[in-house]
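J.: What follows is a protein structure lacking sequence information:
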């Protein structure tokens, strides 16, 4: 006689596979297949128009790694990542600690701080572009308070363009880190704070010796997401400068976009994409390993 328990388990197994099949199919179609095609195109002279492509070996990769603009774009991406790690995440941590401590209006702040990340990056870019214009809000404010000598064409000058776009990116991204830190703070045992209060610890001491160490795993995850997000920045740069003036704000995603859709060189753009993806993987892997070693 057939075991009914085994039959039920087999039926459940096939039912589970049936439920996840659509998600697996979508992943294969929209993630794995494009990844394979990108890698395939990186060895060809594909231009996005002609269906007939020729295999050209490692020519695209050689052109990519010898392209000074590409490495300049990588440097700008690292600049965005460094600024975000140093300033954006620090501000997000302080804001999350303040809100978690129960300051007045903390429920309103939870909503306000998360509004920027859910806005369209293109919309945010255009709004901040207006703010940075010579007759925009920032220069008008500086003039109003008597600091007219500080006014600039913020995104049109090579000295200020990169920092200006970085500030825009951090303004939009700080809410995402804030939410993750706030979620991490929910898991810190209250007993630790109560014991610290009995010992007469100050807020600063509790932040340094309890809060930050308890958020070590969360901080690692936030840092990895921050680096990936900063290196992959596209929308704000596209809306504000399109990589200009010159190549001052050129970033990897803009370089790939320009090569693929402006120069119709899908082969080289695919090589850039493969190299960039490998770099992001290595950076994330190294940071993850370093964080595990510290633990």
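T.: Yep, that arrived. Keep in mind it's a predicted model, so treat the numbers as computed, not measured.
J.: which stretches of the stretch 151-295 of the chain have low pLDDT?
T.: Along the stretch 151-295 of the chain, the parts satisfying pLDDT under 70 run over 293-295.
J.: and if we set it to 90?
T.: Residue ranges of the stretch 151-295 of the chain with pLDDT under 90: 152, 183-221, 244, 246, 283-295.
J.: where exactly do the helices run in it?
T.: The residue ranges that make up the helices of the stretch 151-295 of the chain, judged by DSSP state H, counting those that start in this stretch, are 161-185, 190-198, 203-206, 212-214, 216-231, 235-240, 252-257, 266-294.
J.: which of the residues in the fifth one are buried?
T.: Buried positions in helix 216-231, judged by neighbour count with 16 or more other Cβ atoms under 10 Å: 218-220, 222-227, 229-231. Just so you know, the C-beta spots here come from the backbone N, C-alpha and C atoms, and that holds for glycine as well.
J.: Show me how far it is from its chain's centre.
T.: Offset of helix 216-231 from its chain centre (Cα atoms, centre = their mean, to the nearest Å): 8 Å.
J.: Give the other helices and strands that it contacts.
T.: In terms of contacts (3 or more Cβ pairs under 8 Å, 6 or more residues apart in numbering; DSSP states H and E), helix 216-231 is packed against helix 68-83, helix 89-100, helix 161-185, helix 266-294.
J.: can you put those helices in TSV and add distance to residue 22 and mean neighbour count?
T.: Formatted as TSV, these follow (distance: least, Cβ to Cβ, whole Å; neighbours: other Cβ atoms under 10 Å):
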stretch	distance to residue 22	mean neighbour count
helix 68-83	35	18
helix 89-100	35	19
helix 161-185	28	22
helix 266-294	26	17
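J.: Relative to residue 239, which of those helices is closest?
T.: Closest approach to residue 239 among the helices and strands packed on helix 216-231 (Cβ to Cβ): helix 161-185, 9.2 Å.
J.: I'd assumed residue 186 was in contact with residue 96.
T.: No - judged on Cβ atoms under 8 Å, residue 96 makes no contact with residue 186 at a distance of 10.2 Å.
J.: Quick one: closest of the helices and strands packed on helix 216-231 to residue 17.
T.: Once these are compared by Cβ to Cβ, helix 266-294 is nearest, at 29.2 Å.
J.: contacts for stretch 283-292?
T.: Stretch 283-292 is contacted by residues 216-217, 220, 223-224, 227-228, 231 when judged by Cβ atoms under 8 Å, 6 or more residues apart in numbering.
J.: What ranges does the stretch 1-150 of the chain have for its strands?
T.: Using DSSP state E, counting those that start in this stretch, the stretch 1-150 of the chain contains no strands.
J.: residue boundaries of the helices in it?
T.: Secondary structure of the stretch 1-150 of the chain (DSSP H, counting those that start in this stretch): helices at 4-27, 33-41, 59-65, 68-83, 89-100, 106-118, 121-132, 137-144.
J.: Just send these back as JSON lines, with distance to residue 251 and mean pLDDT too.
T.: Formatted as JSON lines, the helices of the stretch 1-150 of the chain follow (distance: least, Cβ to Cβ, whole Å; pLDDT from 0 to 100):
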{"stretch": "helix 4-27", "distance to residue 251": "27", "mean pLDDT": "72"}
{"stretch": "helix 33-41", "distance to residue 251": "18", "mean pLDDT": "89"}
{"stretch": "helix 59-65", "distance to residue 251": "15", "mean pLDDT": "95"}
{"stretch": "helix 68-83", "distance to residue 251": "5", "mean pLDDT": "95"}
{"stretch": "helix 89-100", "distance to residue 251": "19", "mean pLDDT": "90"}
{"stretch": "helix 106-118", "distance to residue 251": "19", "mean pLDDT": "86"}
{"stretch": "helix 121-132", "distance to residue 251": "13", "mean pLDDT": "94"}
{"stretch": "helix 137-144", "distance to residue 251": "22", "mean pLDDT": "93"}
